[in-house]
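K.L.:
Predicted structure and sequence below. I'll ask about it afterward.
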Amino acid sequence: MAFLRDPKPWLFLICLYPLARLGYLGYTDGLGVNPIEFITRSLGTWTLTGLLLTLAVTPARRLTGRASLVRHRRMLGLFAFFYGVLHLLSYLWLDQFFDWAAMVKDVLKRPFITFGMVAFLLLLPLALTSTQAAMRRLGRNWQRVHWLIYPAAIAGVLHYGWLVKKDLTQPLIYGGILALFLGLRVFWRYKKTKAG
Amino acid sequence: MLIKRPADIRPSEITPEAVYRDRRRFIQGAAALAALAALPAEAALPPYKKGAYGTTEPVNSFKEITSYNNFYEFGTDKADPAAHAYSLQTRPWTVSIEGACRKPKVWDIDALIKAFPLEERIYRLRCVEGWSMVIPWLGFPLANLLKQAEPTGDAKYVEFSSLHDPKQMPGQRRAILDWPYVEGLRLDEAMHPLTLLAVGLYGQELPKQNGAPIRLVVPWKYGFKSAKSIVRIRLVEQQPVSSWMKAAPREYGFYSNVNPEVDHPRWSQAKERRIGEFLKRPTLMFNGYGDQVAHLYAGMDLRKYF
């Protein structure tokens, strides 16, 4: 039963929870009276959660000293992207029903849509270069490309913050956690340069 | 042998046909009466008639209307009001009419409900967030109440204040908006026959999450203009500053007429999703009430006075 001790398949199943939950709620009539809004919002917040979990790997590794944690980072990042794609699809299909003219106007005029689109475009190259082959081919540049997760996460939080009408509690929670993760990295880098 | 059978008794000899044919309604009526008797006395509203300005569009369900609400006094999530509004005490309740009028008065809510004939008005409601519903309100024109107060020449605007009591309204424990919730109308808007003070929906007393015991309904304006759980109506000379204008003056103007041409700074107002429908529908100027209200804004730049 060695495979049960491998955390990877378990993590994979856990990452499917947000999708399974939406399926279950849809089946049991639990999506409320505006299901399209519910689905779009839910996929959006899980995309942000996925990005934050991906960004949590490095601090967690440093604080616990468990270097093996980094093996799971790619799956978390790809799941964040997966929910981002579903979130975008729910906007294109369920919300706007492929009204391209309206969407182009939206992207140009609405800051919150602009930031959402920017976040998605920043994540796209990360997903495309997530394979072993791409890592080998890009060499040192791979790290530079994947640095894009930082502006992508910031754009994602701004996308959420701008959408909210008045109560900023939720976006501020995501923003605070993101600031913490980014702050830790800056702090460690600063310590390293001082030491070196 | 001839067996003489008695002639069949005709049904009409037993029960008049009209009554017989009406038996279903009789049973329903009896059931409804029994249901009414089981409710607390305050839940019964006086009889009402169908009002003017109805729409023939399909009405949203009671569940839709009562489970998806913006009522920040009970939280900012649309499920919050249905979950938390039970803490609101709607009796005793008074509504004061004051300010620039000859006959100011503090009304007891039950006296107020009995004072003016109630009618059902089926109105479209368009939220500034881009969704809409069709709601069978029960109420009376605000004009009836204002006329009785006899506004003076100084009365140019009407200001509405909602209840401010953080004990009953947990959302007010946070300074999301500058409490109490304040809204306003120009006097001619307030006197317009479409402008309703609602005390019920679907033939029942107004549910708490919908603004019990009395709320405003101004169907050609975005939903937030229709103040809920009103305790004070004040006739004033200066244009009131509403809670939303204070919170975000660039996003919320005094007029807030439904207008597909004037976007909210953060989203388009061209289309809306009718709750229960999959595809969005185009938003109508003045929410489709232009024939009745467009003249109120003749000559005004609606981009400036948004």
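P.N.:
Cool, got the structure.
K.L.:
count of neighbours near residue B:63?
P.N.:
Other residues lying near residue B:63 total 10 when counted by other CB atoms under 10 Å in any protein chain shown. Backbone N, C-alpha and C define where each C-beta goes, glycine included.
K.L.:
Sorry, wrong one. I was asking about residue B:110.
P.N.:
A total of 16 residues lie near residue B:110 under the criterion other CB under 10 Å.
K.L.:
For it, pull up the helix or strand it's in.
P.N.:
Following DSSP states H and E, one finds residue B:110 within helix B:109-115.
K.L.:
Any buried residues in that helix, and which?
P.N.:
For helix B:109-115, the neighbour count (16 or more other CB atoms under 10 Å in any protein chain shown) marks B:109-110, B:112-113 as buried.
K.L.:
Past that helix, which element shows up next along the chain?
P.N.:
Helices and strands here follow DSSP H and E; after helix B:109-115, the next one along the chain is strand B:118-126.
K.L.:
just to revisit the earlier point, could you identify the pair within the buried residues of helix B:109-115 that is furthest apart?
P.N.:
B:110 and B:112 (7.2 Å; CB to CB).
K.L.:
Run through who's touching stretch A:186-196.
P.N.:
Contact with stretch A:186-196 is made by residue A:62, as judged by CB atoms under 8 Å, 6 or more residues apart in numbering or on different chains.
K.L.:
ditto for stretch B:72-88
P.N.:
With contact meaning CB under 8 Å, 6+ apart, stretch B:72-88 is reached by A:32, A:34, A:165-167, A:169, B:66-71, B:162-163, B:167-172, B:176-177, B:179, B:181, B:207-210, B:212, B:228-229.
K.L.:
which ones among the residues you listed are found in strands?
P.N.:
Residues of those located in strands (DSSP state E): residue B:162.
K.L.:
Can you select the buried ones from the contacts of stretch B:72-88 in PyMOL?
P.N.:
In PyMOL, this line selects whichever of these come out buried by 16+ other CB under 10 Å:
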select buried, (chain A and resi 32+34+165+167) or (chain B and resi 66+67+68+69+70+71+162+163+168+169+171+172+176+177+179+181+207+208+209+210+212+228+229)
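K.L.:
of all the residues in chain A, which ones are close to chain B?
P.N.:
Contacts of chain A with chain B, taken as CB under 8 Å from any CB of the partner chain, map to A:32-34, A:36-37, A:94, A:96-97, A:99, A:102, A:105-106, A:109-112, A:162-163, A:165-167, A:169.
K.L.:
Just the buried residues of these.
P.N.:
For the residues of chain A next to chain B, a burial check counting by 16+ other CB under 10 Å picks out A:32-34, A:36-37, A:94, A:96, A:99, A:106, A:110, A:112, A:162-163, A:165, A:167.
K.L.:
Any idea which residue of chain A lies closest to chain B?
P.N.:
Residue of chain A nearest chain B, by CB to the nearest CB: residue A:167 (3.8 Å).
K.L.:
Not counting sequence-adjacent ones, nearest residue to that residue?
P.N.:
Spatial nearest neighbour of residue A:167, chain neighbours left out: residue B:76 (3.8 Å); criterion: CB to CB, 6 or more residues apart in numbering or on different chains.
K.L.:
Tell me which residue is most central in chain A.
P.N.:
With distances taken as CA atoms, centre = their mean, residue A:51 lies nearest the centre of chain A, 3.0 Å away.
K.L.:
That one and residue A:154 touch, don't they?
P.N.:
No. Between residue A:51 and residue A:154 there is no contact under CB atoms under 8 Å: 10.0 Å.
K.L.:
Contacts only, for residue 123.
P.N.:
Picked chain A for this. Per CB under 8 Å, 6+ apart, neighbours of residue A:123: A:80-81, A:84, A:148-149, A:152.
K.L.:
Actually, chain B is the one I wanted.
P.N.:
Per CB under 8 Å, 6+ apart, neighbours of residue B:123: B:53, B:55, B:134-135, B:137, B:194, B:196, B:217, B:219.
K.L.:
Now, of those, which are buried?
P.N.:
B:134-135, B:137, B:194, B:196, B:217, B:219.
K.L.:
Of the residues you listed, which belong to strands?
P.N.:
Taking DSSP E, the ones among the buried ones among the contacts of residue B:123 that sit in strands are B:134-135, B:137, B:196, B:217.
K.L.:
How many residues are close by residue 74?
P.N.:
I'll assume chain A. Each residue near residue A:74 was counted by other CB under 10 Å, and the total is 16.
K.L.:
that's the wrong chain, I wanted chain B
P.N.:
Residues near residue B:74, counting by other CB under 10 Å, number 26.
K.L.:
same question, the one 5 residues further on
P.N.:
Here the count is done by other CB under 10 Å, and residue B:79 has 16 residues near it.
K.L.:
same deal with the one 3 residues further on?
P.N.:
Using other CB under 10 Å as the criterion, residue B:82 is surrounded by 20 other residues.
K.L.:
what's the helix or strand for it?
P.N.:
Assigned by DSSP H and E, residue B:82 falls within helix B:80-84.
K.L.:
do residue A:123 as well
P.N.:
Element membership of residue A:123 [criterion: DSSP H and E] is helix A:111-128.
K.L.:
What residues of that helix count as buried?
P.N.:
Buried positions in helix A:111-128, judged by neighbour count with 16+ other CB under 10 Å: A:112-120, A:122-123, A:126.
K.L.:
Let's have the residues you listed in a markdown table, adding pLDDT.
P.N.:
Shown next, in a markdown table, are the buried residues of helix A:111-128 (pLDDT from 0 to 100):
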| residue | pLDDT |
| --- | --- |
| A:112 | 87 |
| A:113 | 90 |
| A:114 | 90 |
| A:115 | 94 |
| A:116 | 95 |
| A:117 | 95 |
| A:118 | 95 |
| A:119 | 97 |
| A:120 | 97 |
| A:122 | 97 |
| A:123 | 97 |
| A:126 | 95 |
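K.L.:
Quick check: the two most widely separated of those?
P.N.:
A:112 and A:126 (21.9 Å).
K.L.:
these two touch, right, residue B:263 and residue A:109?
P.N.:
Yes. Assessed by CB under 8 Å, residue B:263 is found in contact with residue A:109 at 7.2 Å.
K.L.:
In contact with residue 146, which residues?
P.N.:
The chain I'm using is chain A. Contacts for residue A:146 (CB under 8 Å, 6+ apart) come out as A:126, A:129.
K.L.:
that's the wrong chain, I meant chain B
P.N.:
Contact analysis of residue B:146 by CB under 8 Å, 6+ apart lists B:97, B:101, B:158, B:190-191, B:233, B:235.
K.L.:
gap between the closest residue to residue B:208 other than its chain neighbours and chain A?
P.N.:
Once flanking residues are discounted, residue B:208 sits nearest to residue B:85: 3.8 Å by CB to CB, 6+ apart. Using CB to the nearest CB, to the nearest Å, residue B:85 is found at 17 Å from chain A.
K.L.:
right, and the helix or strand after the helix holding residue A:123?
P.N.:
Next element after helix A:111-128 (DSSP H and E): helix A:132-138.
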